[in-house]
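Asks: Make a model of this:
(chains A, B, C and D)
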There are 2 protein chains.
Amino acid sequence: MFDDFLRKKALKVTRERTALFDEIFSTHRHFDAEDLVIRMRDRGTKVSRATIYRTLELLHGCGLVGRVRLNEEKYRYERLRKGEHHDHLVCSSCGKVIEFVDAAIEKRQEAVCKEYEFLATSHSHQISGVCSGCRKAAGKTPGRVPGAA
Amino acid sequence: MFDDFLRKKALKVTRERTALFDEIFSTHRHFDAEDLVIRMRDRGTKVSRATIYRTLELLHGCGLVGRVRLNEEKYRYERLRKGEHHDHLVCSSCGKVIEFVDAAIEKRQEAVCKEYEFLATSHSHQISGVCSGCRKAAGKTPGRVPGAA
DNA sequence: CTTATTGCAAACCGTTTGCAATGAG
DNA sequence: CTCATTGCAAACGGTTTGCAATAAG
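Replies: Below you'll find the model as predicted:
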């Protein structure tokens, strides 16, 4: 599908782009650019950081990959499936990201936009806190992840 | 009130901190660090960028000022009044920020957290799109603000 | 006096970009 | 062949920090 997008735009299907797409779509995980640098290295495919950023931009532009700032300095990416949408619970202790969907919230958002005559194009909704795992482990050296908020 | 916080922590009430607090609390506007640099200069009080950042950190830490990344590279700050909370509609054309509160959404969030046994400490909810002003002005060179997304 | 705070400039960190070399079509 | 793409390293933009000078308590 990325290929279709590229061809339609007369862009080139390169080894790097294909490899990145494959790697990203091989899991459902959320990731940041640096994770991808490492995953590509581990996988044995060398791709420069610049290309990673440029490709993520393309994937984001065509709607295949979502990009959000969860109140951090860096972007977080996730593969997207069309028509699907969800919000996030972010654990500030271990960095875990839980996805949730709530129809009532979505509906209320539409109402709010209508009220302000606001034409929404996207939204991001994140709840920060401590996940159940870390709450249980409280006191027993919670698993602080390197980059967690 | 900032003074109380400082004294309680055995920190010093300096000319710079007082001036920054006064300036920030003189309006309700949202602002970024750079706005503050300019507002302080205009006001005739010279304060270094470093001190601005350090003071914002303090104000944020004690809950007097909120800090969010509205999917941009920089932080956005806003004065907070205790017990008060709101979410944001951000116009990607003119940069305007509209605040909104919706009890139903807040309630649903609590339900979601309960479901995942997640202990929420904060949340940020932003809807991006085009405000009514820009929608009306559409076609007539919308007022793109320098830093708008 | 003592210790926190300030301003400066340099460091930082993630991301973006100019440019020459490379490779897809 | 031609033009997009790549990798590198340097640039960027906002934020943070080490340090010597300064000022609050």
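Asks: Does stretch A:49-62 reach DNA strand D?
Replies: Yes: using Cβ under 7 Å from any atom of the strand, stretch A:49-62 comes into contact with DNA strand D via A:R49, A:A50, A:T51, A:R54, A:T55. Using the backbone N, CA and C atoms, a C-beta is placed for each residue, glycine as well.
Asks: most neighbours, which of those residues?
Replies: When neighbours are taken as other Cβ atoms under 10 Å in any protein chain shown, the top entry among those is A:T55 (22 neighbours).
Asks: So that one versus DNA strand C, what's the distance?
Replies: 10 Å (Cβ to the nearest atom of the strand, to the nearest Å).
Asks: cool, and A:L59?
Replies: Computed as Cβ to the nearest atom of the strand, the A:L59 to DNA strand C distance reads 12 Å.
Asks: pretty sure that residue is in a helix, no?
Replies: Yes: counting by DSSP: H, G, I helix; E, B strand; the rest coil, A:L59 falls inside a helix.
Asks: these two touch, right, it and A:L6?
Replies: No: in this structure A:L59 lies outside contact range of A:L6 using Cβ atoms under 8 Å: 10.4 Å.
Asks: In terms of neighbours, single out the busier of those two.
Replies: The neighbour count for A:L59 versus A:L6, taken as other Cβ under 10 Å, is higher for A:L59 (23 against 18).
Asks: show me the contacts for the more buried one.
Replies: A:L59 makes contact with A:F2, A:L20, A:F21, A:I24, A:V65, according to Cβ atoms under 8 Å, 6 or more residues apart in numbering or on different chains.
Asks: What's the local residue count around the second one?
Replies: The burial count assigned to A:L20 is 25, neighbours taken as other Cβ under 10 Å.
Asks: Please report phi then psi for the nearest residue to it once chain neighbours are set aside.
Replies: Excluding its sequence neighbours, the residue lying closest to A:L20 (Cβ to Cβ, 6 or more residues apart in numbering or on different chains) is A:T55, at 4.8 Å. Here is the backbone geometry of A:T55 (degrees, to the nearest 10): phi -70, psi -40.
Asks: any idea how far A:T55 lies from chain B?
Replies: Counting by Cβ to the nearest Cβ, to the nearest Å, the separation of A:T55 from chain B is 20 Å.
Asks: Which parts of stretch A:67-75 count as buried, going by neighbours?
Replies: Judged by neighbour count (16 or more other Cβ atoms under 10 Å in any protein chain shown), stretch A:67-75 contains these buried residues: A:R67, A:V68, A:R69, A:L70, A:N71, A:Y75.
Asks: Run a quick neighbour tally on A:K96.
Replies: 19.
Asks: residues in contact with it?
Replies: Going by Cβ under 8 Å, 6+ apart, A:K96 touches A:V90, A:C131, A:G133.
Asks: Quick check: nearest residue in space to the second one, chain neighbours excluded?
Replies: With Cβ to Cβ, 6+ apart as the criterion, A:C131 has its nearest non-adjacent residue at 3.8 Å, and that residue is A:C91.
Asks: Does that neighbour touch A:G129 like I think?
Replies: Yes: the criterion here is Cβ under 8 Å, and A:C91 meets it with A:G129 at 7.0 Å.
Asks: Who wins on neighbours among the contacts of A:L59?
Replies: Each of the contacts of A:L59 was scored for neighbours by other Cβ under 10 Å, and A:L20 scores highest at 25 neighbours.
Asks: For the host helix or strand of it, which helices and strands make contact with it?
Replies: Using DSSP states H and E, A:L20 sits within helix A:15-24. Helix A:15-24 is packed against helix A:2-8, helix A:33-42, helix A:49-61, with contacts defined by 3 or more Cβ pairs under 8 Å, 6 or more residues apart in numbering or on different chains; DSSP states H and E.
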